[in-house]
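**Q** Provide a 3D model corresponding to the input given below.
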Amino acid sequence: AGMRFDRFYANCPVCSPTRAALLSGRFPDLVGVPGVIRTDIRDNWGNLAPQAVLLPQMLKRAGYHTAIVGKWHLGLTSPSTPNERGFDHFHGFLGDMMDDYTTHRRHGINYMRLNDREIDPAGHATDLFTRWAINYLRERAGRNGRQSRGMGFQPMNHRQDAAATENRGQDARETQGRDALATRHFFLYLAYNAPHTPIQPPQEWIERVKQRETGISDKRAKLVALIEHLDAGIGEVIETLKETGLSDNTLVIFTSDNGGQLSVGASNGPLRAGKGDMYEGGIREPMCAVWPGRIAPGSCSSRVAVTMDIFATVCEAAGVRIDHEIDGASFLPTLLGKPQPQDDRILFWVRREGGPQYGGRAYYAARQGDYKLLQNSPFEPLKLYNLAEDPQEQNPLDDKHPMYRKLFVALQNHVNESGGIPWQRPSS
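**A** Residues are numbered from 1 along each chain as shown. Purely as a prediction, here's the structure:
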């Protein structure tokens with residue numbers, strides 16, 4: 001139905017930094033999120049910068065009603081909650097992974113919210129997020145009629161009125177005025193927890209996979225079932241766009257925040273490694289975009305793009321001028337079938353993590369053109385690969401290669417710049 005990108009990248013091999021890049025248009029360590037944001041400050045490696053301008057704030061300038069359904073994972077308390085960072089409506093999960101898809105707790109804490117109110121709904125999280133997204137779309141269609149315009153974004157990880165809007169500290173007239181403006185268009189960021197661990201699909205989905213694929217291992221069957229259960233929910237959301245008449249004028253972008261986790265049965269095809277790794281299997285992702293009448297059905301692109309580029313792309317599609325510094329670049333011309341030269345920027349990846357494998361340190365990758373410099377642990381040296389000649393990253397080039405020095409210096413400069421951005425929240 002649209003365009004597939006074959007060389008699209010997440011900004012990090014794990015979740016919080018990629019989400020920070022998506023919503024800010026910046027390298028994640030430049031907005032204070034080099035690693036995963038967690039409940040325990042001793043294992044927390046990010047704090048979304050207060051000065052970071054997020055995508056919903058930009059779209060509100062053009063009259064968009066902004067909503068997030070599902071996983072937030074960019075802050076657990078004020079002032080880093082979705083409603084305080086530009087979203088009119090939040091129906092989902094503040095935290096990172098759920099310890100159980102049906103009880104929705106993390107370390108015994110309930111992070112499910114409807115705006116700033118704690119809720120405790122029953123059901124599998126994937127089904128809840130699907131239903132809440134559908135409710136939101138139907139409510140938008142009721143307000144807008146068939147002439148509305150939407151920006152729907154659905155990352156794969158990842159019954160109440162979805163029009164609930166929080167307008168703290170504003171008088172009634174200002175609230176009514178903003179709501180009237182916001183009814184024209186909408187932006188929905190639908191972020192599922194699935195297929196993150198724990199791998200807990202409904203039992204009937206596991207049986208369906210096993211009946212279809214004889215001999216499949218239990219581990220692989222459970223992961224496939226969790227993903228297919230997710231896909232079915234996304235299908236319901238897409239059908240709702242069509243049923244309500246919203247699909248004709250809505251851009252839908254689908255991608256993931258990191259590569260598949262090999263230890264739970266994922267496959268990243270021929271790519272080396274997986275989630276958590278700086279090799280291609282950890283950061284190269286599926287991405288597709290659909291926009292009826294604008295993006296050619298069945299098209300594909302080999303353009304290199306990253307999650308943070310979605311920020312600039314969506315702003316351009318919505319006619320919103322970006323007047324502050326970002327690192328992302330719009331790929332809207334490519335989506336619309338127009339010529340777009342491949343840019344020559346140097347891309348950076350970072351992940352900071354704790355535990356015995358990482359020790360609270362960061363490790364990095366940098367890429368320009370076909371050349372990629374990476375380390376897969378903070379305790380190992382950087383290695384240079386030519387992805388065109390060695391796509392499986394098996395044969396590192398000599399460190400005397402001119403691209404080694406160029407990328408090394410560029411990465412050093414990036415680390416120097418990011419060093420000025422605090423990434424740890426104050427202890428409570």
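**Q** output stretch 57-75 in PDB with nothing but the alpha carbons.
**A** Once non-C-alpha atoms are left out, stretch 57-75 reads as follows in PDB (Å, rounded to 0.1, in the frame of the first residue of the first chain):
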ATOM      1  CA  GLN A  57       4.700  20.500  20.500                       C
ATOM      2  CA  MET A  58       5.700  21.300  16.900                       C
ATOM      3  CA  LEU A  59       2.500  19.900  15.400                       C
ATOM      4  CA  LYS A  60       0.300  21.800  17.900                       C
ATOM      5  CA  ARG A  61       1.500  25.000  16.200                       C
ATOM      6  CA  ALA A  62      -0.400  23.800  13.100                       C
ATOM      7  CA  GLY A  63      -3.500  23.000  15.000                       C
ATOM      8  CA  TYR A  64      -3.000  19.200  15.500                       C
ATOM      9  CA  HIS A  65      -4.600  17.400  18.400                       C
ATOM     10  CA  THR A  66      -1.800  15.200  19.700                       C
ATOM     11  CA  ALA A  67      -2.100  11.800  21.300                       C
ATOM     12  CA  ILE A  68       0.100   9.000  22.500                       C
ATOM     13  CA  VAL A  69      -1.400   5.500  23.100                       C
ATOM     14  CA  GLY A  70       0.800   2.900  24.600                       C
ATOM     15  CA  LYS A  71       4.400   2.900  25.900                       C
ATOM     16  CA  TRP A  72       6.000   6.300  26.800                       C
ATOM     17  CA  HIS A  73       9.300   5.300  28.400                       C
ATOM     18  CA  LEU A  74      10.800   8.800  28.500                       C
ATOM     19  CA  GLY A  75      10.000   9.700  32.100                       C
END
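**Q** in it, what's buried?
**A** Residues of stretch 57-75 classed as buried under the neighbour-count rule (16 or more other C-beta atoms under 10 Å) are 58-60, 62-75. For the C-beta atoms, the positions are set from N, CA and C on the backbone; glycine is no exception.
**Q** do the same with stretch 36-54
**A** Burial within stretch 36-54, assessed by neighbour count using 16+ other C-beta under 10 Å, is assigned to 36-38, 44-49, 52-54.
**Q** need the contact partners of that stretch.
**A** Contacts to stretch 36-54, defined as C-beta atoms under 8 Å, 6 or more residues apart in numbering, come from residues 14-17, 20, 23-24, 26, 28, 31-35, 73-76, 79-80, 85-86, 95-96, 106-107, 109, 324, 352-354, 360, 421-425, 427-428.
**Q** want to throw the buried residues of stretch 36-54 into JSON lines with pLDDT?
**A** Formatted as JSON lines, the buried residues of stretch 36-54 follow (pLDDT from 0 to 100):
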{"residue": "V36", "pLDDT": "98"}
{"residue": "I37", "pLDDT": "98"}
{"residue": "R38", "pLDDT": "97"}
{"residue": "N44", "pLDDT": "97"}
{"residue": "W45", "pLDDT": "98"}
{"residue": "G46", "pLDDT": "98"}
{"residue": "N47", "pLDDT": "98"}
{"residue": "L48", "pLDDT": "98"}
{"residue": "A49", "pLDDT": "98"}
{"residue": "A52", "pLDDT": "98"}
{"residue": "V53", "pLDDT": "98"}
{"residue": "L54", "pLDDT": "98"}
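**Q** I'm done for today, thanks for sticking with me.
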